[in-house]
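S.K.: Provided below are the primary sequence and the corresponding predicted coordinates.
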Amino acid sequence: MKLSQAIELFLKFKSKELAHRTIKEYKSDLNKFRELIGDKNVSEIRTADIMIFRTSLDCSPSLINRRMSALNTFFNFLVDMEVISSNPFKPSLRIKKVKQKIPEALTEEEVEKILTAAQQRSQRDYLLIKTILYCGLRISEALNLKRDDIITVKGRKVLKVLGKGNKERFIPLPSELAKELMDYIKNLEGERLFPLKYHGAKYVFDKIKEKTGIYLHPHKLRHTFATLLVDRGVDIRVIQAFLGHASPNTSARYAKVRDDVMFKVIDEVFDKSQTAIEEI
């Protein structure tokens, strides 16, 4: 099987289980590899080919590791499909240590400016940013939200979120945000809460950045949410439940967090405190 055919097969298979953006990254990384070594038969690809590709990369260590990881996943897939007998990728091809830049949280003043600028643009843009900020969402999770994902649990409005690996989690909405979202969907056409694609959302963030002079990225909002919870002394298990992270200590015995605990956190951090994100 030619490399181009194998890439097509891999992407088609993975498209049923991975986010569109992840598939796009796989496609880019694998095609760069094909462009360099040629469209040879996959059974003829050797570790040396991957080493040549690795050496040719002129990008950040984290991006190199992403491309190496893509190749490893690809070749493991081909082994599983019995297209090739062994994976030519070797762990030593990864960069051993990549310094992770700690993302900065927004200050209360910065968030106030961002929300004001977003509100001046449109109700949609304002609520997109506020929902990510108040619920700690990934941008993909926010853009996939539908009107039916706002549900009622124990008399409270809760956001049903589909996260990585198609895992559902439920995030209590602060009362003010819940009211704003319910008013917003009254005039909403279609099912999606925020009918934007990733590039459309990026355009919104870039415009708000231009308006405020504040560096803005969806993950910065998510990090601000998490930082606020940490600063308020919220238990790490509760933060993991909000963010949809796996426990760092266990996967099979992930500690479940009761609804009432999450409701209490939202009330104390977002609804009752004037110095928390509501003033943000």
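M.R.: Nice, thanks for sending it over.

S.K.: Would you mind confirming that Tyr184 is in contact with Tyr126?
M.R.: No - Tyr184 is not in contact with Tyr126 according to Cβ atoms under 8 Å; the separation is 9.2 Å. The C-beta positions use only the backbone N, C-alpha and C, and glycine is treated the same way.

S.K.: Show which residues not belonging to stretch 18-26 make contact with it.
M.R.: Residues outside stretch 18-26 that contact it (Cβ atoms under 8 Å, 6 or more residues apart in numbering) are Phe10, Leu11, Lys14, Ser15, Arg66, Ala70, Thr73, Phe74, Ser140, Lys164, Tyr198.

S.K.: The fifth one: neighbour count?
M.R.: Neighbour count for Arg66, taken as other Cβ atoms under 10 Å: 16.

S.K.: pretty sure it is touching Lys32, no?
M.R.: No - using Cβ under 8 Å, Arg66 makes no contact with Lys32, being 11.3 Å away.

S.K.: Start from the N-terminal end of this protein and give the helices.
M.R.: Using DSSP state H, the helices of the chain run over 3-14, 20-37, 47-56, 61-80, 108-121, 123-135, 139-143, 175-186, 198-212, 218-231, 236-243, 259-266.

S.K.: got the angle between the fifth one and helix 198-212?
M.R.: Between the direction of helix 108-121 and that of helix 198-212, the angle (axes from the mean of the first three to the mean of the last three Cα atoms, to 10 degrees) works out to 120 degrees.

S.K.: orientation of helix 108-121 relative to helix 218-231 in degrees?
M.R.: Using the same axes, to 10 degrees, helix 108-121 lies at 140 degrees relative to helix 218-231.

S.K.: Show me which parts of helix 108-121 are buried, residue by residue.
M.R.: Of the residues in helix 108-121, those with enough neighbours to count as buried (16 or more other Cβ atoms under 10 Å) are Glu110, Val111, Lys113, Ile114, Leu115, Ala117, Ala118.

S.K.: So what's the gap between it and the chain middle?
M.R.: 22 Å (Cα atoms, centre = their mean, to the nearest Å).

S.K.: Show me what that helix is packed against.
M.R.: On a contact count with 3 or more Cβ pairs under 8 Å, 6 or more residues apart in numbering; DSSP states H and E, helix 108-121 meets helix 123-135, helix 198-212.

S.K.: The shortest one vs helix 198-212, what angle?
M.R.: Using the same axes, to 10 degrees, the interaxial angle of helix 123-135 with respect to helix 198-212 works out to 90 degrees.

S.K.: Can you give me the distance of the most far-flung residue of the chain relative to its centre to Val79?
M.R.: Each residue of the chain has a distance to the centre, and by Cα atoms, centre = their mean the biggest one is for Glu44: 35.9 Å. Glu44 is 15 Å from Val79, where distance means Cβ to Cβ, to the nearest Å.
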